[in-house]
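Visitor: heads up, no residue letters with this:
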DNA sequence: TTTTGTAATTGACCACGGTCATTTTTTCCA
DNA sequence: TGGAAAAAATGACCGTGGTCAATTACAAAA
């Protein structure tokens, strides 16, 4: 029961990914067509699906990679200590998540893995989000009557709410940042 | 510039809707195929799209109707006054929203209308959710340092977070109701 | 080098949502 | 009642994601 992986495989895979990134670079995630990718990569359509379960799987990988990079960046900075500082520190992550409606929808769709075996980069980022924020909260100027973990899950919930409203015509008046700050202030530092 | 609507139109539309409801009754929302609906209704495929912009438009209508019915039911009951009571009162709405992953995803996708002109039943229900809960909160045993509207938006955010986690393998341990109650208690009655 | 089993690739094909030029039905006025 | 204009319905056709039996390339054993 061997399962040697040929060098050819890695090359083909790399070509597919590169082609996909090119297409996205030019037209955004939303506009990506599998046909375009395989043509740019110079392979047959079937080959694509031998390398990725479906189109979404490739998208999850590519978007997940970018998301991980956002987290890396955010973790470089100093730990924020107040609600507005936290909102500001998370900005790169939120900015990418709302860069395209397609991106936001896909991230939300993959935020919770439906089976343990298929936990992907995006689902892992959602866990990382909570860990990251919970870490900040431990020493931040916020309420401490409930656990940092629960508090961090709340931050996530409010961030998602704010991001959803960003794509909503009914709530254009308020900006994403303003809304998130208001939420976080009420959640993290109540009974002022 | 007349635009008479023929009786035939209404009949065809009614047949399409009835056929769709039959299909859904049997196999759920997820499994609905336009082909099946038009065949059951005895019309051509093109006719479907003369009556509904696309498949999602029909789904929004049908799911929206059910959602409105849930709200009507919830509004019949007495106003809850504590966090657990609020979670409990909202149960019929949340139950329907999480009855099928497809239903949840579609509702989320239509929760924010992208253009003022296309506000549908689901987007209206999201406004109604906030109004309903804010009304309860005015006289409930909860914090009053922030407006009932903001508080209600938070309830919505936590409910969505809880529902998302319901579909997530990583968070199966805790039940939806338990999680929501914990969130709402922390959000509505802090600094106990 | 040849053989042979398996990994990788291919492209014709399918499923399903959606379009549109054409045809059929209805309406309404002379 | 005839016939023209509007409304509705039709179904062949398209775009795009995805499948799979057949073919080709590879690498290890003979």
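Guide: Thanks, I have it. None of the values given here were measured: they were computed from a predicted structure. Numbering: from 1, shown residues only, chains lettered A, B, ... in the order given.

Visitor: low-scoring stretches of chain A, by residue?
Guide: A:1-3, A:192 (pLDDT under 70).

Visitor: domains for it, by residue range?
Guide: A:1-52, A:54-188 (automatic domain parsing).

Visitor: Setting aside sequence neighbours, what's the nearest residue to residue A:71?
Guide: residue A:128 (5.7 Å; C-beta to C-beta, 6 or more residues apart in numbering or on different chains). Any C-beta I mention is one placed from the backbone N, CA and C, and that applies to glycine too.

Visitor: What's the separation between the residue nearest the centre of chain A and residue A:53?
Guide: Nearest residue to the geometric centre of chain A (C-alpha atoms, centre = their mean): residue A:67, 4.5 Å. Counting by C-beta to C-beta, to the nearest Å, the gap from residue A:67 to residue A:53 is 19 Å.

Visitor: how close does the residue of chain A found nearest DNA strand C get to chain B?
Guide: Nearest residue of chain A to DNA strand C (C-beta to the nearest atom of the strand) works out as residue A:46 at 1.6 Å. Distance from residue A:46 to chain B, counting by C-beta to the nearest C-beta, to the nearest Å: 25 Å.

Visitor: which SS class is that residue?
Guide: helix (DSSP: H, G, I helix; E, B strand; the rest coil).

Visitor: Hmm, residue A:148 is touching residue A:131, no?
Guide: No. Contact criterion C-beta atoms under 8 Å: residue A:148 and residue A:131 do not qualify, at 9.7 Å.

Visitor: near DNA strand C, which residues of chain A?
Guide: A:2-6, A:8-9, A:11-12, A:43-47, A:49-51 (C-beta under 7 Å from any atom of the strand).

Visitor: are any of those buried, and which?
Guide: Buried by 16 or more other C-beta atoms under 10 Å in any protein chain shown: A:12, A:43, A:47, A:51, out of the residues of chain A next to DNA strand C.

Visitor: so what's residue A:28 closest to, chain neighbours aside?
Guide: residue A:100 (5.8 Å).

Visitor: Contact partners for that neighbour?
Guide: Residues counted as contacts of residue A:100 (C-beta atoms under 8 Å, 6 or more residues apart in numbering or on different chains) are A:28, A:29, A:30.

Visitor: Chain B contacts on chain A?
Guide: Counting by C-beta under 8 Å from any C-beta of the partner chain, the positions of chain A adjacent to chain B are A:101, A:105, A:108-109, A:111-116, A:119, A:123, A:127, A:143, A:145-146, A:150-151, A:153-154, A:156-158, A:160-161, A:164-165, A:167-171, A:182-183, A:186-187, A:190-192.

Visitor: change it to 7 Å
Guide: Proximity of chain A to chain B, by C-beta under 7 Å from any C-beta of the partner chain, involves residues A:105, A:108-109, A:111-116, A:123, A:143, A:145-146, A:150, A:153-154, A:156-158, A:160-161, A:164-165, A:167-170, A:182-183, A:186-187, A:190-192.

Visitor: Which of those residues are buried? Put it as a PyMOL command.
Guide: Only the buried entries of the residues of chain A next to chain B go into this PyMOL selection, using 16+ other C-beta under 10 Å:
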select buried, chain A and resi 108+109+111+112+113+123+143+146+153+154+156+157+158+160+161+164+165+167+168+170+182+183+186+187+190
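
Visitor: which residue ranges form the strands in chain A?
Guide: Using DSSP state E, no strands are found in chain A.

Visitor: Most tightly packed of the domains of chain A?
Guide: By mean neighbour count, with neighbours taken as mean count of other C-beta atoms under 10 Å in any protein chain shown, domain A:54-188 ranks first of the domains of chain A at a mean of 18.

Visitor: and the end-to-end length of it?
Guide: 41 Å (C-alpha to C-alpha, to the nearest Å).

Visitor: quick one: is it near DNA strand D?
Guide: Yes. Domain A:54-188 lies within reach of DNA strand D by C-beta under 7 Å from any atom of the strand, at A:54, A:55, A:56.
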